[in-house]
Structure formats: structure tokens, C-alpha cells
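>>> Sequence first, then the predicted structure, then my questions.
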Amino acid sequence: MKKVIGVDLGASNVRAGIVDETGIVANFKKGRTSTPENFLKFLASILDQKAAYAKFGTVLGVGIGAPGQLDLAKGKILQSPSLPSFNNFEIVTEAKKAFNLPVFLERDTNVALIGEAWKGKAAGIKNALMLTLGTGVGGAILIDGKLYHGEHGTGSEIGHITIDVTGPICTCSQKGHLEAYLGLAGVRRDYKIDHWTLIDRVEKGEKQAIKISEKLGVILGIGLASLINVFDPEIIILGGGLSELGERILVPARKTAEESTLIRPLKTEIVIGKLGDFSGVIGAAKLVFEG
Ligand SMILES: [Zn+2]
């Protein structure tokens with residue numbers, strides 16, 4: 001069976017694995033993201049295992065999902081606020097050089113949605129949106145079964161839609177964007193807590209933490225309502241760290257979205273992704289299979 005390497009380069013962690021044609025992931029590895037050099041070493045650690053080669057057969061290529069502004073034609077990370085050491089990194093050229101394999105690049109949230117569209121909650125669905133609620137807020141848009149990139153390749157920046165023009169400063173230095181509230185920096189600023197501690201405390205049933213997650217859900221719902229008004233998607237999938245809040249963020253988000261959309265009752269499903277940590281790796285692998 002044909003095998004490829006799927007790689008999900010995130011602000012905090014890099015995940016990779018060997019993926020077969022049916023979307024099964026083997027040799028899944030997760031490491032801390034640091035520098036481009038260490039990233040290539042991490043990839044080498046997946047590829048270099050002779051035992052893995054023997055077990056999995058020939059690897060056809062490498063698919064990579066990466067954050068920030070990308071030049072897809074040149075295979076380059078132009079600018080990544082969450083990963084400044086990767087600015088101007090020619091990731092495709094360098095990975096090709098290192099491994100002598102075809103390499104494919106796509107935006108991180110796009111590969112997460114490709115993964116969910118292949119093996120997860122958006123399987124068989126033509127119109128879907130994905131939001132990844134991590135260090136930043138990423139977005140991806142599937143229209144008629146195809147990823148939407150926009151005219152200049154900079155579309156689907158859902159994290160930077162405006163919730164309140166007088167709101168707090170976003171990581172992009174504009175005011176009141178969705179990411180300014182839900183991103184890691186915003187949650188730290190407003191509630192003196194990070195995503196992981198919040199999730200942990202909500203799981204323990206701490207009232208204050210539950211209240212915070214409800215507030216975040218309401219803000220998310222305001223953003224989702226605008227997206228539903230514009231795109232009328234069949235489904236909106238949430239991924240990334242904060243999506244681990246599950247129903248605690250989904251319930252207020254759905255309620256607020258329902259209250260704020262033009263067409264009611266709400267027909268768009270709002271759900272947590274099925275693939276979790278694997279969505280990016282599986283989606284990145286699909287890039288290679290699709291060539
Ligand atoms: Zn912004």
C-alpha cells in the first residue's frame with residue numbers, strides 16, 4: 001500500500017506520522033516546535049528509521065501544513081507571527097533537499113479541514129468551515145468540495161474577523177478581532193489563565209473556569225453567526241486546543257450563533273472535529289496522495 005509522511009507544523013508542537021491510502025496513521029510523533037533546523041531533524045527521525053521503511057514500504061512524499069502567510073507557489077513560509085524563526089524559510093526546498101522526496105505545502109488550518117473532509121466530520125460534505133482554536137485562531141473554507149484560498153492566497157483568515165471594533169488589540173495589532181479574545185494571548189490577558197489550565201479546571205468542574213469557557217463560547221458564537229450569514233455551511237468544525245472544552249464552549253456558541261443569525265432556526269451544525277491531534281497530519285498526507 002502507498003505511504004506518505006504527513007506533517008503538522010504548529011506554533012507549539014510539530015506532529016508527524018506515516019499515513020497510508022486509507023488514512024491510517026502509524027509512527028505518530030509529536031515534538032516541540034523550535035527552529036527550522038530542529039524541524040528538519042524531527043522529520044528525519046520519522047523518515048530515517050530503517051525498520052519503519054521495511055515495515056511500511058516506500059514513502060511517496062511529504063505533505064506539510066504550516067502556519068502564517070505562505071507563498072504556496074514558492075513553497076515558502078513568508079511570515080509566521082506564531083513562529084518567527086520560520087519567517088522566509090523555504091520549507092519545501094529544504095525538505096526536498098534533505099529527504100529527496102516530493103514535498104507539498106498548505107496552510108495549517110486548511111490541512112486540518114482536508115483531514116476532516118477525508119476521514120472526519122466533514123466527510124462527504126461539500127460546504128464546510130473549520131476554526132482551529134489554538135495559540136491563534138485559524139480558519140479554513142471548503143466551498144463545493146474545494147478549499148477556498150482567495151484571489152491572493154490570503155483568504156479564510158477567520159481569526160481576524162472583527163467582533164468589536166473598539167475591542168482589545170489582536171496579535172495582528174488591529175482591534176477586536178476574534179483571535180484577540182480566543183487566542184492564547186487574549187485569554188491570558190482577560191482571565192489570567194492559559195488554554196491548558198482552563199481546560200483542566202473545566203474538566204474538574206470549577207465554576208469560575210466554566211464561566212470563562214461560556215464567555216468564550218458566546219464570543220465565538222458571535223463570530224460564527226457572521227460566518228453562517230455569509231457562507232451558509234452545512235457544518236462548522238472546531239479544532240485546536242480550546243476545542244477540548246467540548247460542550248462547554250459548543251453550547252453557548254450554538255446558542256449565540258442561533259440568536260444572531262439572519263435565518264433561524266439554525267441549520268448549520270457546529271461540532272468538534274473528529275480527528276483531534278491527527279487532523280493536520282492526515283490532511284497533509286492527503287495533499288501528497290492528491291499530488
Ligand atoms: Zn487580528
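Yes, it's here.
>>> I figured residue 122 hits residue 128, correct?
Yes: the pair residue 122 and residue 128 qualifies as a contact (CB atoms under 8 Å) at a distance of 4.3 Å. No exception for glycine: its C-beta is placed from N, CA and C like everyone else's.
>>> Neighbour count for the two, which is higher?
When residue 122 and residue 128 are compared for neighbours, residue 122 comes out ahead with 28 against 24, by other CB atoms under 10 Å.
>>> name the helices or strands packed onto the helix or strand hosting residue 27?
Take DSSP states H and E as the rule and residue 27 turns out to sit in strand 25-32. Applying 3 or more CB pairs under 8 Å, 6 or more residues apart in numbering; DSSP states H and E, one finds that strand 25-32 contacts strand 13-20, helix 36-47, helix 50-56, helix 279-290.
>>> who touches both of residue 122 and residue 128?
Listed as contacting both residue 122 and residue 128 by CB atoms under 8 Å, 6 or more residues apart in numbering are 113, 116, 142, 235, 237.
>>> mind listing which of these are in helices?
113, 116 (DSSP state H).
>>> which of the shared contacts of residue 122 and residue 128 lies closest to residue 26?
Out of these, the one with the shortest distance to residue 26 is residue 116. That distance is 19.9 Å, counting by CB to CB.
>>> Enumerate every residue touching the residue lying closest to the closest one once chain neighbours are set aside.
For residue 116, the nearest residue in space outside its immediate sequence neighbours is residue 122; the separation is 4.5 Å by CB to CB, 6 or more residues apart in numbering. Taking CB under 8 Å, 6+ apart as the definition of contact, the neighbours of residue 122 are 113, 116, 128, 130, 142, 235, 237.
>>> List only buried entries from those residues.
Burial of those was assessed by neighbour count (16 or more other CB atoms under 10 Å); the buried members are 113, 116, 128, 130, 142, 235, 237.
>>> Would you confirm that the third one contacts residue 235?
Yes: Residue 128 is within contact range of residue 235, at 4.9 Å (criterion: CB under 8 Å).
>>> Helices of the stretch 151-291 of the chain, start to end?
Counting by DSSP state H, counting those that start in this stretch, the segments of the stretch 151-291 of the chain that form helices are 178-182, 184-191, 195-203, 207-231, 247-260, 279-290.
>>> Get me the contact residues on the stretch 151-291 of the chain for the ion.
By the rule CB under 5 Å from the ion, the part of the stretch 151-291 of the chain lying against the ion is 160, 170, 172, 174, 177.
>>> Identify the residue spatially nearest to the first one, adjacent ones excluded.
Computed as CB to CB, 6+ apart, the closest residue to residue 160 that is not its neighbour in sequence is residue 177, at 4.7 Å.
>>> Show the contacting residues for the one you found.
Residue 177 is in contact with 159-163, 167, 170, counting by CB under 8 Å, 6+ apart.
>>> Which pLDDT value belongs to it?
Among the per-residue scores, residue 177 holds a pLDDT of 98.
>>> on that earlier part again, so which of the shared contacts of residue 122 and residue 128 is the closest to residue 150?
Using CB to CB, residue 142 is the member of these that sits closest to residue 150, with 13.5 Å.
>>> Who does residue 8 form a beta bridge with?
According to DSSP bridges, the residues that bridge with residue 8 are residue 15, residue 65.
>>> re the thing from before, including pLDDT, could the shared contacts of residue 122 and residue 128 go into TSV?
As requested, the shared contacts of residue 122 and residue 128 are exported to TSV (pLDDT from 0 to 100):
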residue	pLDDT
113	98
116	98
142	98
235	98
237	98
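>>> which one of the shared contacts of residue 122 and residue 128 is nearest the ion?
Ranking those by separation from the ion, with CB to the ion as the measure, puts residue 113 on top at 20.1 Å.
>>> So residue 33 sits against residue 11, correct?
Yes: proximity of residue 33 to residue 11 meets the contact threshold set by CB under 8 Å, at 6.6 Å.
>>> anything in contact with each of those two?
Between them, residue 33 and residue 11 share these contacting residues under CB under 8 Å, 6+ apart: residue 83.
>>> Are any of the contacts of residue 177 buried, and if so which?
Among those, those that count as buried by neighbour count (16+ other CB under 10 Å) are 159-161, 163, 167, 170.
>>> Of those, which pair is most distant in space?
Maximum distance among these (CB to CB): 13.5 Å, for 159 and 167.
>>> how far away is the residue nearest to residue 91 when sequence neighbours are not counted from residue 9?
Spatial nearest neighbour of residue 91, chain neighbours left out: residue 77 (5.6 Å); criterion: CB to CB, 6+ apart. Distance check for residue 77 against residue 9: by CB to CB, to the nearest Å, it reads 9 Å.
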